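From the sequence below, what's the structure:
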Amino acid sequence: MTQAMDLNADLGEGSVHEADIMPFISSANIACGGHAGDQESMRDSLRLAARYGVAAGAHPGFPDREGFGRRELHFAPADVTGFVREQIEALKAVAAREGVRLSHVKPHGMLYNMAVMDEGLASAIARAAAHSGVRLYYGLAGEHSVMLRAARQAGLQAVGKALADRGYAPDGSLWPRSRSGTLLDQAAAVAQGVRLALHGRTTAVSGEPVAVPARTLCLHGDGPEAASLARALRVALETAGVWLSAPSPAV
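Here you go, the predicted structure:
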């Protein structure tokens, strides 16, 4: 029996491979001026998404271009809500001019990683998404996900997200980047993506089984291998009977 899974990628960040990735994904998270992105890049990404029928979403991050949004920064919750909403609204304005409706929000980099464990931060981000009128929110998959709980409390539709190309810890969190095994090669990432889509679980880097009940799989879109991985994963998913489809807001 066919089942649906979304395949998303982080785009609009200056990668020359973006046009090669877009045909193989079903939703795109577009940088909108925090860690990367400007009016021109947002427009280009939105046009590509529209050309290939890909759902377009906002990918807000810390206002930290020098560190590409990957440095741990600390802001008051109101300030987080402010800069996240500002970024979403910037993309929303460009999307309106292009005739594209934004479907979702997925935080970037360290903003995302910190929100996984910080309920106050997660709530501040979710409030910004809700105020912007976007209904879907992509956050770390899991029964006890802080991000997804904050999204629901803000009135958003929470969408559990897994990473095909990252190793997992036994508790369902991502394996630390500082340790070996955090980044999977293409064959391992494809195999993990199919397991996650079909069974909602995978094997942790340390060997234990781990449940990851995801509706969307994420790929990093900023490397030369991204397009090859996107294509290989899409082919493997469809071969396994998985239909690629972006989530739709509940009526």
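
what's the burial count for residue 72?
The local packing of residue 72 (other Cβ atoms under 10 Å) involves 11 other residues. Where C-beta positions appear, they are placed from N, C-alpha and C, glycine not excepted.

How about residue 194?
Applying other Cβ under 10 Å, we find 21 residues neighbouring residue 194.

For the closest residue in space to residue 221 that isn't next to it in sequence, give me its contacts.
Spatial nearest neighbour of residue 221, chain neighbours left out: residue 9 (4.0 Å); criterion: Cβ to Cβ, 6 or more residues apart in numbering. Applying Cβ atoms under 8 Å, 6 or more residues apart in numbering to residue 9 gives the contacts 21, 25, 28-29, 218-221, 226, 230.

count of neighbours near residue 196?
When neighbours are counted by other Cβ under 10 Å, residue 196 comes out with 24.

Could I get the CA-only coordinates of the host helix or strand of it as PDB?
Assigned by DSSP states H and E, residue 196 belongs to helix 186-199. C-alpha atoms of helix 186-199 as PDB (Å, rounded to 0.1, in the frame of the first residue of the first chain):
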ATOM      1  CA  GLN A 186      24.800   8.600   0.400                       C
ATOM      2  CA  ALA A 187      24.100   4.900   0.700                       C
ATOM      3  CA  ALA A 188      23.500   5.000   4.400                       C
ATOM      4  CA  ALA A 189      21.300   8.100   4.100                       C
ATOM      5  CA  VAL A 190      19.200   6.600   1.400                       C
ATOM      6  CA  ALA A 191      18.700   3.400   3.500                       C
ATOM      7  CA  GLN A 192      17.900   5.400   6.600                       C
ATOM      8  CA  GLY A 193      15.400   7.600   4.700                       C
ATOM      9  CA  VAL A 194      13.500   4.500   3.400                       C
ATOM     10  CA  ARG A 195      13.400   3.000   6.900                       C
ATOM     11  CA  LEU A 196      12.100   6.200   8.400                       C
ATOM     12  CA  ALA A 197       9.400   6.600   5.700                       C
ATOM     13  CA  LEU A 198       8.200   2.900   5.900                       C
ATOM     14  CA  HIS A 199       8.600   2.200   9.600                       C
END
